[in-house]
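> Task: produce atomic coordinates for the following.
(4 chains)
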There are 2 protein chains.
Amino acid sequence: MAGIKDVAARAGVSVATVSRVLNDHSGVREETRTRVLAAVSELSYRPNTLARSLRTDQTRTLGLVISDVLNPFFTELARAVEDEARARGYSVIIGNADEQLTLQDHHVRTLLDRRIDGLLVSPADGDSLALREAALAGIPMVFVDRWIAGLDVPLVRADGRSAVRELVAHLYALGHRKLAIITGPVASTTSNERLAAFRGALAEHGLPLPDHYIGQGDFQTASGRRVTESFFTLPEPPDAVFATDNLMALGVMEQVRTLGLRVPDDVSLAAFDDIPWFLHTDPPITAIAQPTQQLGHRAVAALTDLVERRSPLGAPPGPRPGEKSGGGSAGSVTLSAHLIARRSCGEDERTRR
Amino acid sequence: MAGIKDVAARAGVSVATVSRVLNDHSGVREETRTRVLAAVSELSYRPNTLARSLRTDQTRTLGLVISDVLNPFFTELARAVEDEARARGYSVIIGNADEQLTLQDHHVRTLLDRRIDGLLVSPADGDSLALREAALAGIPMVFVDRWIAGLDVPLVRADGRSAVRELVAHLYALGHRKLAIITGPVASTTSNERLAAFRGALAEHGLPLPDHYIGQGDFQTASGRRVTESFFTLPEPPDAVFATDNLMALGVMEQVRTLGLRVPDDVSLAAFDDIPWFLHTDPPITAIAQPTQQLGHRAVAALTDLVERRSPLGAPPGPRPGEKSGGGSAGSVTLSAHLIARRSCGEDERTRR
DNA sequence: GCCGCGCATGGAAACGATTACATCGGTCAT
DNA sequence: ATGACCGATGTAATCGTTTCCATGCGCGGC
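Numbering: from 1, shown residues only, chains lettered A, B, ... in the order given. Okay, the predicted model is just below:
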């Protein structure tokens, strides 16, 4: 494969000049430039990014570690991230953690080894050594959707609390009183927030949330099935189930069907995260929708800001002027989620139509 | 960030020795080795893969270019690919082509620039300059699922023809006579094969396949909607529609609902590619299932074979002994797909239950 | 007529690893 | 005792770029 030397030789100039042309630095005679460009295309030369990155210490690459590729929410997110990154001249390397801490850390390390310029993470449950180290080492880093308490890393997410309140009101209005929830892993920040909001909203309606109505899931389909099964061994099964992500909702559907029951006749179902398929399930599933694309875009914006602020100027990473630093770390963004009522919780005036 | 020199200094040895320890080459005294290892962990040193790859001319990285991340079939494939690759000590960089030729070529070039060791592609419709060049340049490369005619690149895929025949028989048995199909892009190899098989099977049953029952899609949801809409402006709309991928099937569902019609009462629906959601749509969708995971695994196996055969030995790439080179390029693999009948085509003894 | 300056270009040192080759004791066979 | 050999380690070249500094040249001002 042709190298910069070959190009230089062919154009009759030095490698330095070729490099200047390629990175369009000023101070190259027009005629020389065209000669170089000609040589480049004749040899169909492409710079070796490895060498380039080694020298310049930047890869123009972002790492994205997502919790689960099979979850449509995350693939939509990944897609948005990639789009925005490409628009800004970065490429993205995706690592899929499959909700496993060890796999997540594996990917974080691999990405860091590749010397990515910045890291976007939707961290799995639990304490991640790799992430803690990376944050301490000052790797530009942004959390999306989920986060790790105690780490001073900007966070881009949607606050689902008011939407959860809406949901509970909706369920209450439809006559449901025995509401259950399926959470994510114990330490999952998003899941805990959703649980807290759920509990709070129930209290507002004077409803209890007994422990046996709190199912411990792990954001994956199988756990939705398992928890549903256990719900229906209770003397008094819930009449509505709120799954804190879409895969677990799928699990609920599967198990409900296995048990020979029906949604919403035997039990209502709602999910966090809306996805296209929910429109066409039987019945269509009520869900809380996040502005997924925007999350991706904003996250990349926040990250590239971080990346680019640290290299050119030695400016200290103090908060920028026009940024509302609402609570979290500088650069954090909080969008909002909203309820989309469908038939899976029973009929009402909004869904009957 | 600490470099190999720092480790060497700390351990009181030369960089060569450190390198030898790190790549466990023989001929390092046990005591020296432990001293080096100690230094490594004290400095929490991690080798710079850029430098390493630059020198060794291999990245232990595979590129995967998929047609559409939002398509569950491809994310499942991607996941299988990543798993298998990781098991073999490779990492994977995914590029999402979004069914666009230019985006695909962009990713192919980017991946090549990164000096990946091998490329796995499920090529989009049309003639790809980048892929042609890569193949000619001898980049180790394997096609998965889709392929490009005329390029001598191994192909790992599932042959859906017999499953399509099964499907047509199924539809015929249910009394359908006006069968339509929604294809992918014109030049798409998989779509064409499915179309041909469909046409052939119809002929076996003495059924015609008029042009207006062939809808031109592009493997994306919106095209499924569009084609469905046009089907229902025909004087005689089809009574069954076969979508050649799952996203277009989703589009059909959406449009059928928009038109105020119902599946399967007003029109039957079947799709190529089975996905978990199809079990829970209203109604559950009859689909042709591919062994997706296996496709991913076998593709990686084929690719790493290629990669590893070319470096250590100068062995010519002739076909290996125990390989059935069925028609395609050496290393090709063909698995089979099968029909999963559900209610979207109407009731019969298999689905009524 | 000379100095200094700016412009276009080239030479060569990095970046951080791997690895061929040299070196240096020590052991053993002759 | 000598040299061949071997095992453990070090020296330095190398991969393909970028970039600092030097160089040479033409030109305007004095």
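> and the stretch 51-200 of chain A, which residues reach chain B?
Applying Cβ under 8 Å from any Cβ of the partner chain, we find that the stretch 51-200 of chain A lies next to chain B at A:51, A:53-54, A:59, A:69-70, A:72, A:75-76, A:78-79, A:82, A:86, A:91, A:93-94, A:96, A:98, A:106, A:109-110, A:112-115, A:133, A:137. Glycine gets a C-beta too; all of them are placed from N, C-alpha and C.
> and if we set it to 7 Å?
Within the stretch 51-200 of chain A, the positions near chain B by Cβ under 7 Å from any Cβ of the partner chain are A:51, A:53-54, A:69-70, A:75-76, A:78-79, A:82, A:91, A:93-94, A:96, A:110, A:113-115.
> Check those residues for burial and list the buried ones.
A:51, A:53-54, A:69-70, A:75-76, A:78-79, A:82, A:91, A:93-94, A:96, A:110, A:114-115 (16 or more other Cβ atoms under 10 Å in any protein chain shown).
> Inside helices: which ones of those?
With DSSP state H as the criterion, helices contain A:51, A:53-54, A:75-76, A:78-79, A:82, A:110 from among these.
> near DNA strand C, which of those residues show up?
Of the residues in these, proximity to DNA strand C by Cβ under 7 Å from any atom of the strand holds for A:51, A:54.
> Please identify which pair of the ones in helices among the buried ones among the residues of the stretch 51-200 of chain A next to chain B lies farthest apart.
Using Cβ to Cβ, these span at most 35.5 Å, a distance reached by A:Ala51 and A:Glu76.
> show me the contacts for A:Leu101.
Applying Cβ atoms under 7 Å, 6 or more residues apart in numbering or on different chains to A:Leu101 gives the contacts A:124, A:126, A:128.
> Could you measure from it over to A:Ser188?
Separation of A:Leu101 from A:Ser188 (Cβ to Cβ, to the nearest Å): 12 Å.
> just A:Pro276 next, same as before
24 Å.
> So those two - more neighbours on which side?
For A:Pro276 and A:Ser188, the more surrounded residue by other Cβ atoms under 10 Å in any protein chain shown is A:Ser188, and the numbers stand at 25 against 16.
> list the contacts for the more buried one?
Neighbour list for A:Ser188: A:125, A:146 [criterion: Cβ under 7 Å, 6+ apart].
> what's the answer for the one 10 residues further on, then?
Residues touching A:Phe198, when contacts are defined by Cβ under 7 Å, 6+ apart, comprise A:164, A:168, A:181, A:242.
> Would you write a ChimeraX line that selects the buried entries of the residues you listed?
Per 16+ other Cβ under 10 Å, the buried members of these correspond to this ChimeraX selection:
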select /A:164,168,181,242
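> List just the nearest of the contacts of A:Phe198 to A:Ala289.
A:Val164 (12.5 Å).
> my read: the closest one touches A:Gly200, true?
No. Using Cβ atoms under 7 Å, A:Val164 makes no contact with A:Gly200, being 8.4 Å away.
> separation between the residue in the stretch 151-300 of chain A that chain B sits nearest to and B:Phe272?
Residue nearest to chain B within the stretch 151-300 of chain A (Cβ to the nearest Cβ): A:Asp282, separated by 3.3 Å. For A:Asp282, the distance to B:Phe272 equals 22 Å [Cβ to Cβ].
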